[in-house]
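Participant: Attaching a predicted model along with its sequence, questions to come.
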Amino acid sequence: MFEHITSSEIAGYAVGAVLLSATVSAVKIDSFIASSQRSSLGMCRKCGDLKLIACSKCKGFGLLKGPLDFVPVIGEKIDRRAKIRAPAAGSCSNCGGKGHFPCPECSLLSGD
């Protein structure tokens, strides 16, 4: 199976694997660097002295978008006269619609 593979193809696979792993781990590397920069500046490592952390479920917006009902399915007949409505948005149940939480590290330090 691999008897006809060339060295340039192997190098291409290796570079592709490195790029894929770098892409997957970029978010964790970025958060690690940001956390270390905050601590070196004397700021809170988690929130950067903002005292708030964005909700992970709604990404800080406080609203969750509903299903995309207005996107037609392939083969479905489209009624051009019908009004297209925006998808329904509901309040986030994780943060209560606020979009953020108080920072746990800052609240421990301040004694609240």
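Facilitator: Great, that's in hand. Everything numeric here is computed off the predicted structure, so don't read it as measured data.
Participant: what separates the helix or strand containing residue 12 from the chain centre, distance-wise?
Facilitator: Secondary structure assignment for residue 12, by DSSP states H and E: helix 7-40. Relative to its parent chain, helix 7-40 has a centroid offset of 17 Å by CA atoms, centre = their mean, to the nearest Å.
Participant: Tell me how many other residues crowd residue 46.
Facilitator: Neighbour count for residue 46, taken as other CB atoms under 10 Å: 14. Yep, even glycine has a C-beta here, placed from its N, CA and C like the rest.
Participant: helix, strand or coil for the closest residue in space to it that isn't next to it in sequence?
Facilitator: Of all residues not flanking residue 46 in the chain, residue 105 sits nearest, at 4.8 Å (CB to CB, 6 or more residues apart in numbering). Under DSSP: H, G, I helix; E, B strand; the rest coil, residue 105 falls in the helix class.
Participant: lowest confidence element among the helices and strands of this protein?
Facilitator: strand 89-91 (a mean of 73; mean pLDDT, DSSP states H and E).
Participant: and after it, which helix or strand comes next?
Facilitator: Next element after strand 89-91 (DSSP H and E): strand 100-102.
Participant: so what does that following strand touch, helix or strand wise?
Facilitator: Applying 3 or more CB pairs under 8 Å, 6 or more residues apart in numbering; DSSP states H and E, we find strand 100-102 packed against strand 52-54.
Participant: Could you give the separation of the strand it packs on from the chain centroid?
Facilitator: Taking the mean of its C-alpha atoms, strand 52-54 sits 14 Å from the chain's own mean (CA atoms, centre = their mean).
Participant: What strands flank the next helix or strand after that strand, and is each parallel or antiparallel?
Facilitator: Next in sequence after strand 52-54, counting helices and strands by DSSP H and E, comes strand 63-65. Paired strands of strand 63-65, with direction, are strand 89-91 (antiparallel) (DSSP bridges).
Participant: Sketch out the low-pLDDT regions of the chain for me.
Facilitator: Counting by pLDDT under 70, the ranges of the chain that qualify are 1, 66-89, 109-112.
Participant: center of it - which residue?
Facilitator: residue 59 (7.1 Å; CA atoms, centre = their mean).
Participant: Check the gap between that one and residue 50 for me.
Facilitator: Distance, residue 59 to residue 50, using CB to CB, to the nearest Å: 16 Å.
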